[in-house]
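J.: Just need the structure, nothing else, for what follows:
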Amino acid sequence: MAASGRTWRRRLRAAGLRDDLDPARLDAALRRTMGPRYVEYAAAAARYSDGEIPAEAFYATARTFDEAALVQSHQAEIVVAAAARLEDAAIARAPAGARVLELGAWTGAFARALAGARPDLGVVATDRLRAFVAAGAARLKAPNLAFAAWDYRRPPPAALGTFDLVLTMCGVDYGWGEPSHALDGLEVRGTPVHRATVAESRPLFRAAARVARPRAVCAAVLRLPNVARLVAAVDAAAAQGWRVDLERSSHLLVDGAVLAVLIFERAPGVLAPPSEESLRAFRRRDIPLPRRRTGRFQGDDALEIHAALAGRRRSEPDVRATEAGVALRVERGVFDGGV
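T.: As a prediction, this is how the structure comes out:
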């Protein structure tokens, strides 16, 4: 039987997650821990939130295990909810003796909590940041837990071996900005946001395939705020031989963030991805469209509800130029009814 969120909260807290501090108190703790470098961290956090720097540059401001744990604790509710959902969808089904890999483990808090919850599994936590890997190995000890340094954009170390279950919790840092896209037609495949997300997702699923055993499962919690990003992530996985199981997959809505919990099964060769309509139906199963919406639809919002607007709208196109001089169509009007 899968554990509750309360149980995972307790496990993760024991591994260093600070879910007891609100954002202001977390920042105060970071200020004390970082000292003068907190100014650098705060500036990087603001620039990352504005989409001015990549996640990698922001995360580089955390240089110690304690700093990294506090940074991760800003997303404590996401970590707790994702851990519980991953157990229900994938971990609880792993047989005794299975080898489990976490990609992008950061401090290793989730891997340590998992190792404690399932002593019958062999758990390996990997991250590209060697300092955090070394600190995690020293501070989060368990008989069935190991740490390894691996930047999954590169081939895996030979000693890593193969795995029955590959997990990742927000292991892809997608760009904040939305590329401009036309709203003529309903297809999202081939739009700029779809192409960008396929490219961002590809290294993760390629890495998982490199270390997967023939009947392996990959369970990924990813920030996918719209249908185009969801379709792209599934397409990237299919190209690496991962077949999505939409019955076991689901969505999480936590603190305003939309996260897809995607469960994949290993299959030989390059797969034909599921239809866009099946993925739209999967998303609507967990995130129903509003019954009525008035206003202007643009970016993520426009991609999300454009299919519903078609045929069920009173609107007129408003074509305008972006700062880059790219023509962008904006739907302005009223959306009545769901799909």
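J.: residue boundaries of the helices in the stretch 1-150 of the chain?
T.: In order along the chain, the stretch 1-150 of the chain carries the following helices (DSSP state H, counting those that start in this stretch): 5-14, 23-34, 38-49, 55-59, 65-73, 76-89, 109-117, 130-139.
J.: Name the SS class of residue 217, please.
T.: Following DSSP: H, G, I helix; E, B strand; the rest coil, we place residue 217 in the strand state.
J.: if we can go back for a sec, residue 223: which of the helices of the stretch 1-150 of the chain is closest?
T.: helix 76-89 (9.0 Å; Cβ to Cβ). C-betas here are computed from N, CA, C, even on glycine.
J.: pLDDT weak spots in this structure?
T.: Applying pLDDT under 70 to the chain flags the ranges 1-3, 176-186, 288-339.
J.: Which helix runs longest in it?
T.: helix 192-210 (DSSP state H).
J.: The closest residue to residue 159 other than its chain neighbours pairs with what?
T.: Residue nearest to residue 159 in three dimensions, not counting chain neighbours: residue 148, with 7.7 Å by Cβ to Cβ, 6 or more residues apart in numbering. Taking DSSP bridges as the rule, residue 148 bridges to residue 126.
J.: Contacts only, for residue 148.
T.: 124, 125, 126, 133, 157, 159, 160 (Cβ atoms under 8 Å, 6 or more residues apart in numbering).
J.: what's the burial count for the last one?
T.: Residues contacting residue 160 under the criterion other Cβ atoms under 10 Å number 17.
J.: That one and residue 150 touch, don't they?
T.: Yes: at 6.7 Å, residue 160 counts as touching residue 150 under the criterion of Cβ atoms under 8 Å.
J.: So for the two, which residues contact both of them?
T.: What both residue 160 and residue 150 touch, as defined by Cβ under 8 Å, 6+ apart, is the set residue 126.
J.: Next, residue 63: phi, psi?
T.: phi -110, psi -10 (degrees, to the nearest 10).
J.: cool, residue 223 as well?
T.: phi -80, psi 100.
J.: Quick check: bridge partners of it?
T.: residue 259.
J.: How much space separates it from residue 113?
T.: 21 Å (Cβ to Cβ, to the nearest Å).
J.: same deal with residue 49?
T.: 28 Å.
J.: Tell me which of the two has more neighbours.
T.: residue 113 (30 against 11).
J.: Please give me every residue in contact with that one.
T.: 8, 11, 12, 14, 15, 83.
J.: switch the cut-off to 7 Å
T.: Contact analysis of residue 113 by Cβ atoms under 7 Å, 6 or more residues apart in numbering lists 8, 11, 12, 15, 83.
J.: got a winner among those residues for most neighbours?
T.: Going by other Cβ under 10 Å, residue 83 tops these with 27 neighbours.
J.: thought that residue was touching residue 109?
T.: No: counting by Cβ atoms under 7 Å, residue 83 stays clear of residue 109, with 9.4 Å between them.
J.: Overlap of the contact sets of these two?
T.: Joint contacts of residue 83 and residue 109 (Cβ under 7 Å, 6+ apart) are residue 12.
J.: give the contact list for residue 213.
T.: Residue 213 neighbours (Cβ under 7 Å, 6+ apart): 162, 163, 164.
J.: Make CSV from those and add neighbour count, secondary structure and distance to residue 213 to it.
T.: Listed next are the contacts of residue 213 as CSV, based on neighbours: other Cβ atoms under 10 Å; DSSP: H, G, I helix; E, B strand; the rest coil; distance: Cβ to Cβ, whole Å:
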residue, neighbour count, secondary structure, distance to residue 213
162, 14, coil, 5
163, 22, strand, 6
164, 20, strand, 5
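J.: Columns distance to residue 21 on top of those residues, output as TSV?
T.: What follows is the contacts of residue 213, written out as TSV (distance: Cβ to Cβ, whole Å):
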residue	distance to residue 21
162	39
163	34
164	36
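J.: do you know how far the residue positioned nearest the centre of the chain is from residue 54?
T.: Taking Cα atoms, centre = their mean, the centroid of the chain lies closest to residue 222, which sits 2.0 Å from it. Residue 222 sits 17 Å away from residue 54, going by Cβ to Cβ.
J.: again with residue 238
T.: Residue 238 is 26 Å from residue 54, where distance means Cβ to Cβ.
J.: Kindly report the same for residue 138.
T.: Per Cβ to Cβ, residue 138 is found 29 Å from residue 54.
J.: The two: which has the busier surroundings?
T.: residue 54 (14 against 10).
J.: Quick check: closest non-adjacent residue to that one.
T.: residue 173 (6.9 Å).
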